[in-house]
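Chemist: got a predicted structure here, sequence first:
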Amino acid sequence: MQPRVDLKELGEGKDVEFEVAVEVLPEIGKLDFSGIELERLKAAVPEKDVEDALSRIAKANRTQKPVDPARPAQKGDAVKIDFVGSVDGKEFPGGTAQDYSLEIGSGSFIPGFEDQLIGAEAGKSIDVKVTFPQEYGAADLAGKDAVFKCTIKEVLEFVDKPIDDELAKASNFENLDAMRKAVGDRIGQDYTQISRSMIKRQLLDKLADGHKFEVPEGLVEGEFSAIWQRVEEAKKAGQKLEDDEEKLRTEYRDIAVRRVRLGLLLADVGRSNSIDVTPEELNQAVMREAMRYPGQERQVLEFYSKNPELREQLRAPIFEDKTIDFILELAKVTDKPVTPEELLKAAREVEDDGAAKKAG
């Protein structure tokens, strides 16, 4: 933090007198994590979860074919339609399409639209009458009654893809066994991430409760200001405060103190144990960021290369995770086998407990 300078004496021919106040980092001292006891929930991936995931992949790759022999459309079919929408007899922008393929029952259109296509036949026309929801995105249409003149060009049924090697190859896997393993690994990674998030929270709670050293007020003020700025932005966006402002300020200042204390604690552990973030780890983090924007990876990489300060912002979470892993190796961690349902239920309870504490 910037030092605070208080000018005491300033006059011609006199010595300048001033006081300089600087905040110093607290002496945390030697830390012993061997007494920390934690429970880690571990869920194996049931075969049913893998098969369900494979079924979803097969469904996403299914094809359509015209119904044969011809029959009226039913729920679960797709219809190829031309339509023209109007409100009060006037067409509106975006209300017209040709050769539009719509799955009946998908819920992708205005409520009530798809149900009126049940029983429609190819080569015939139908007027679909609906009311736009009050919360509809286009304000000029919200709550309005509309009529869509639809021409049914084709009724199609879906053909399921079998779960086999061909499906795997279409999904860029060598064979079905390879795809099944990859799907199981991915689900397992999701469970592991949930479990890690929970044990990390346990650890941070124990660290915060077990270390009550004073923290620099300037760091607390900076952290609180960042938190409160988001509250102010939410207020400007029309969001109501969940409590009175003074109570929220007290609550968020406590959160700021906790964050600063944990940040200093983890920084001290990392420093004293030579934990660092390698250039390779930082590069991998940049690549992960780029992969979040399919089709724009190159632009994202260029953006980070031209803005090294943003690249450095990726260092902190990597450092934190490595330090957390270091402490977990020293703590007493007991693994508890659970079902995926038990894992997800426990994760929800942790979130609900956190929300309840925040509200209280």
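Modeler: Alright, I've got the coordinates.

Chemist: contacts and neighbour counts: CA atoms only from here.
Modeler: Will do.

Chemist: what average pLDDT does stretch 115-129 get?
Modeler: Stretch 115-129 shows a mean pLDDT of 95.

Chemist: check which residues of that stretch are buried.
Modeler: Neighbour counts over stretch 115-129 (16 or more other C-alpha atoms under 10 Å) mark Leu117, Ile118, Ala120, Glu121, Ala122, Ser125, Asp127, Val128 as buried.

Chemist: the last one: what secondary structure?
Modeler: Using DSSP: H, G, I helix; E, B strand; the rest coil, the secondary structure recorded for Val128 is strand.

Chemist: hmm, it is touching Ile152, no?
Modeler: No - judged on C-alpha atoms under 8 Å, Val128 makes no contact with Ile152 at a distance of 11.7 Å.

Chemist: next, give me the two most distant ones among the buried residues of stretch 115-129.
Modeler: With C-alpha to C-alpha as the measure, no two of the buried residues of stretch 115-129 lie farther apart than Ala122 and Val128, at 15.5 Å.

Chemist: show me where the stretch 1-150 of the chain has its strands.
Modeler: For the stretch 1-150 of the chain, applying DSSP state E, counting those that start in this stretch gives strands covering 4-9, 17-21, 37-43, 63-66, 78-87, 90-103, 125-131, 145-159.

Chemist: in the chain, which helix is the longest?
Modeler: The longest helix of the chain (DSSP state H) is helix 176-210.

Chemist: show me what that helix is packed against.
Modeler: strand 37-43, helix 47-60, helix 165-170, helix 245-272, helix 340-359 (3 or more C-alpha pairs under 8 Å, 6 or more residues apart in numbering; DSSP states H and E).

Chemist: for these, which one sits closest to Ile187?
Modeler: Each of the helices and strands packed on helix 176-210 has some distance to Ile187 by C-alpha to C-alpha; the shortest is helix 47-60, at 7.8 Å.

Chemist: quick one: residues in contact with the closest one.
Modeler: Residues outside helix 47-60 that contact it (C-alpha atoms under 8 Å, 6 or more residues apart in numbering) are Asp160, Lys161, Pro162, Ile163, Leu167, Arg180, Val183, Gly184, Ile187.

Chemist: for the third one, which non-adjacent residue is closest in space?
Modeler: Taking C-alpha to C-alpha, 6 or more residues apart in numbering as the measure, Pro162 lies nearest to Ala58, with 6.8 Å between them; neighbours along the chain are not counted.

Chemist: residues near the one you found, how many?
Modeler: When neighbours are defined as other C-alpha atoms under 10 Å, Ala58 has 19 of them.

Chemist: and it, what pLDDT?
Modeler: If you check Ala58, the pLDDT there is 93.

Chemist: swap in the one 4 residues further on?
Modeler: What the model reports as pLDDT for Arg62 is 90.

Chemist: Arg311 now?
Modeler: Model confidence at Arg311, given as pLDDT, is 86.

Chemist: any regions of the stretch 251-360 of the chain where pLDDT drops low?
Modeler: Along the stretch 251-360 of the chain, the parts satisfying pLDDT under 70 run over 354-360.

Chemist: hang on, the earlier thing: distance to Leu41 for the buried residues of stretch 115-129 - can I get that in CSV?
Modeler: As requested, those are arranged in CSV below (distance: C-alpha to C-alpha, whole Å):
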residue, distance to Leu41
Leu117, 48
Ile118, 48
Ala120, 52
Glu121, 54
Ala122, 55
Ser125, 58
Asp127, 56
Val128, 52
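
Chemist: of the residues you listed, which is the nearest to Glu289?
Modeler: Nearest member of the buried residues of stretch 115-129 to Glu289, counting by C-alpha to C-alpha, is Leu117, at 43.1 Å.

Chemist: tell me the spacing between that closest one and Ile126.
Modeler: Relative to Ile126, Leu117 is positioned 8 Å away (C-alpha to C-alpha, to the nearest Å).

Chemist: same thing with Lys212?
Modeler: Look at Lys212 and Ile126: by C-alpha to C-alpha, they are 72 Å apart.

Chemist: same check on Ala170?
Modeler: Note on Ala170: its distance to Ile126, by C-alpha to C-alpha, is 38 Å.

Chemist: what do you get for Pro66?
Modeler: Distance, Pro66 to Ile126, by C-alpha to C-alpha: 20 Å.

Chemist: then Glu351?
Modeler: Applying C-alpha to C-alpha, the value for Glu351 to Ile126 is 49 Å.

Chemist: for Glu221, same thing?
Modeler: 65 Å.

Chemist: present the strands of the stretch 1-150 of the chain as CSV; the columns should include distance to Leu262.
Modeler: Formatted as CSV, those follow (distance: least, C-alpha to C-alpha, whole Å):
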stretch, distance to Leu262
strand 4-9, 25
strand 17-21, 24
strand 37-43, 18
strand 63-66, 54
strand 78-87, 55
strand 90-103, 52
strand 125-131, 53
strand 145-159, 55
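
Chemist: Asn283: which of those is closest?
Modeler: Between Asn283 and the strands of the stretch 1-150 of the chain, the tightest spacing by C-alpha to C-alpha is seen for strand 37-43, at 30.1 Å.

Chemist: other residues contacting that closest one?
Modeler: So strand 37-43 is contacted by 188, 191-192, 195-196, 198-199, 202-203, 331-340, 343 (C-alpha under 8 Å, 6+ apart).

Chemist: show me the contacts for Val277.
Modeler: Contacts for Val277 (C-alpha under 8 Å, 6+ apart) come out as Arg315, Ile318, Phe319.
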